[in-house]
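> structure of the sequence below:
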Amino acid sequence: MKLQPHPDTPEITVTCAVVTVSDTRTPETDKSGQIIRQLLVDAHHTVGAYTIIQDEAEQIQQQIELLSQKVNLDAVIFNGGTGIAPRDTTYDAIEKLLEKTLPGFGELFRFLSYQEIGSRAIASRAVAGVYRNQLIFSLPGSSNAVRLGMERLILPELAHLVSQMRK
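Residues are numbered from 1 along each chain as shown. Model (predicted):
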């Protein structure tokens with residue numbers, strides 16, 4: 001039995017920024033960023049900004065600050081840099097800024113990942129929360145992880161979460 005959340009009323013279009021954190025990807029090779037953007041468009045949401053930044057905590061925080069100033073932007077979806085390698089700084093940079101966290105996002109993401117990849121899911125530091133009235137999501141950079149997080153967690157709840165923030 002698949003659980004269904006209560007219906008959202010009315011359906012809203014959410015404007016999102018997509019940020020890929022990578023030392024090597026370009027717009028042409030950023031498959032995960034392309035997947036996120038396409039899934040958003042397919043779900044009738046809007047991509048208001050897209051960029052690729054280096055995996056540097058300062059750059060990640062600067063990007064969050066810059067995007068937080070865009071009043072028409074509802075959510076920012078990061079991908080990449082969530083592991084435990086020395087260059088993986090996304091989680092640390094984002095977690096320090098969040099004003100409210102959504103612990104269930106990371107918990108559910110790791111649970112769903114475990115079902116697909118087994119115990120390696122413990123290395124994921126996916127995180128979500130709110131910063132200056134914008135939703136912030138951070139996913140691993142692999143295409144499979146991005147698709148999983150978008151299809152199973154972010155897209156089903158995006159409009160509901162934004163409507164809750166607007167109250």
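
> now Gly33: closest residue in space that isn't a chain neighbour?
Nearest residue to Gly33 in three dimensions, chain neighbours excluded: Thr20, at 4.2 Å (C-beta to C-beta, 6 or more residues apart in numbering). All C-beta spots, glycine's among them, are computed from the backbone N, C-alpha and C.

> may I ask which helix or strand encompasses that neighbour?
Thr20 is located in strand 15-21, with elements delineated by DSSP states H and E.

> quick one: average confidence on the helix or strand following that strand?
Helices and strands here follow DSSP H and E; after strand 15-21, the next one along the chain is helix 31-42. Per-residue pLDDT values across helix 31-42 average out to 98.

> thinking again about what came up before, quick check: the residue nearest to Gly33 touching Asp55?
No: Thr20 is beyond contact range of Asp55, at 10.0 Å (criterion: C-beta atoms under 8 Å).

> what is in contact with those two at once?
Residues touching both Thr20 and Asp55 (C-beta atoms under 8 Å, 6 or more residues apart in numbering): Gly80.

> and the two? which has more neighbours close in?
Higher neighbour count among Thr20 and Asp55: Thr20, with 26 against 21, using other C-beta atoms under 10 Å.

> returning to that earlier point: okay, now the sheet partners of the strand holding Thr20, with direction.
Counting by DSSP bridges, the strands paired with strand 15-21 are strand 46-53 (parallel), strand 75-79 (parallel).

> can you tell me which residues contact Ile53?
Listed by C-beta under 8 Å, 6+ apart, the contact set of Ile53 reads 19-21, 59-60, 63.

> sorry, back to before: and the strands paired with strand 15-21 as CSV, adding distance to Glu99?
What follows is those, written out as CSV (distance: least, C-beta to C-beta, whole Å):
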stretch, distance to Glu99
strand 46-53, 21
strand 75-79, 14
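
> tell me the most buried of those strands?
strand 75-79 (a mean of 26; mean count of other C-beta atoms under 10 Å).

> if anything else comes up later, I'll come back, but that's it for now.
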